[in-house]
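J.: Next come a sequence and a model predicted from it.
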Amino acid sequence: MTAQSFATFIGNPVPQIVFAVFLVLAWPLSRLAGRDTKRRWAAALFFVSAGMIIALTATPSYANAASAIPPHFLTELDHPGVIWAKLTAAPSDTEQLANIALYVPLGIFGRLLWRSTARATVCGFLLVLTIETVQYVIPGRAGSITDIRNNTLGAFLGAVAVSLALLTNAERRPSVRRTR
């Protein structure tokens with residue numbers, strides 16, 4: 001996400017409406033997580049972070065519509081060498097780093113919700129794969145294999161950060177010995 005596309009987000013009512021819908025629905029949808037208050041909050045925040053991602057990436061970007069848009073990743077599927085090169089290249093600019101950061105909260109709240117790094121990462125992957133595929137028909141958007149890689153990495157890093165924090169917290173707690 002560039003500064004220009006963020007400015008478009010601020011000035012365009014469509015992403016704002018999409019995000020507002022997720023904000024309104026987050027708490028009612030969190031009931032799907034059960035009665036545990038901590039998991040319910042994690043679910044609500046997960047829905048809010050997913051809503052922000054969808055609002056920022058799956059709505060029209062008229063700022064980019066006039067500029068040259070790179071080819072959509074679906075048009076490159078018959079070139080596995082190109083896809084492999086993009087998947088194995090290191091993130092090279094601030095937009096790619098921002099794409100990683102965008103999914104970190106999703107990974108954090110997904111890990112807290114499902115108590116699994118793998119599930120949180122797979123959920124991030126499925127969300128980004130859906131968004132990047134749908135971008136084929138959204139004005140001013142172009143799905144990118146590097147976005148799929150970077151966003152999935154962000155979800156993974158968020159989930160791993162929670163796992164490490166929980167592990168560190170568990171190690172700091174004194175063990176309680178039970179006597180009979």
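T.: In hand now; what should we look at?
J.: Only C-alpha atoms from now on, for both contacts and neighbour counts.
T.: Will do.
J.: any idea which element the residue nearest to residue 153 when sequence neighbours are not counted lies in?
T.: Nearest residue to residue 153 in three dimensions, chain neighbours excluded: residue 100, at 6.2 Å (Cα to Cα, 6 or more residues apart in numbering). Using DSSP states H and E, residue 100 sits in helix 94-114.
J.: burial measure for the nearest residue to residue 39 once chain neighbours are set aside, as a count.
T.: Nearest non-adjacent residue to residue 39, counting by Cα to Cα, 6+ apart: residue 113, 5.3 Å away. Neighbour count of residue 113, defined by other Cα atoms under 10 Å: 22.
J.: Would you confirm that residue 113 contacts residue 31?
T.: No: taking Cα atoms under 8 Å as the definition, residue 113 is not a contact partner of residue 31, at 11.8 Å.
J.: what residues are shared contacts of the two?
T.: Common contacts of residue 113 and residue 31, defined by Cα atoms under 8 Å, 6 or more residues apart in numbering, comprise residue 40.
J.: Could I get the pLDDT score of the residue nearest to residue 39?
T.: Model confidence at residue 113, given as pLDDT, is 94.
J.: if we can go back for a sec, report the buried residues of the helix holding residue 100.
T.: Neighbour counts over helix 94-114 (16 or more other Cα atoms under 10 Å) mark 96-113 as buried.
J.: which outside residues touch that helix?
T.: Outside helix 94-114, the residues that touch it by Cα under 8 Å, 6+ apart are 1-2, 33, 39-40, 42-43, 45-46, 49-50, 53, 91, 116-117, 119-121, 123-124, 146-147, 150-163.
J.: go again using 7 Å as the cut-off
T.: 1-2, 39, 42-43, 45-46, 49-50, 91, 117, 120-121, 124, 147, 150-151, 153-159, 162 (Cα atoms under 7 Å, 6 or more residues apart in numbering).
J.: got the angle between the next helix or strand after it and helix 94-114?
T.: Tracing the chain past helix 94-114, the next element assigned as helix or strand by DSSP H and E is helix 117-134. Interaxial angle, helix 117-134 versus helix 94-114 (axes from the mean of the first three to the mean of the last three Cα atoms, to 10 degrees): 130 degrees.
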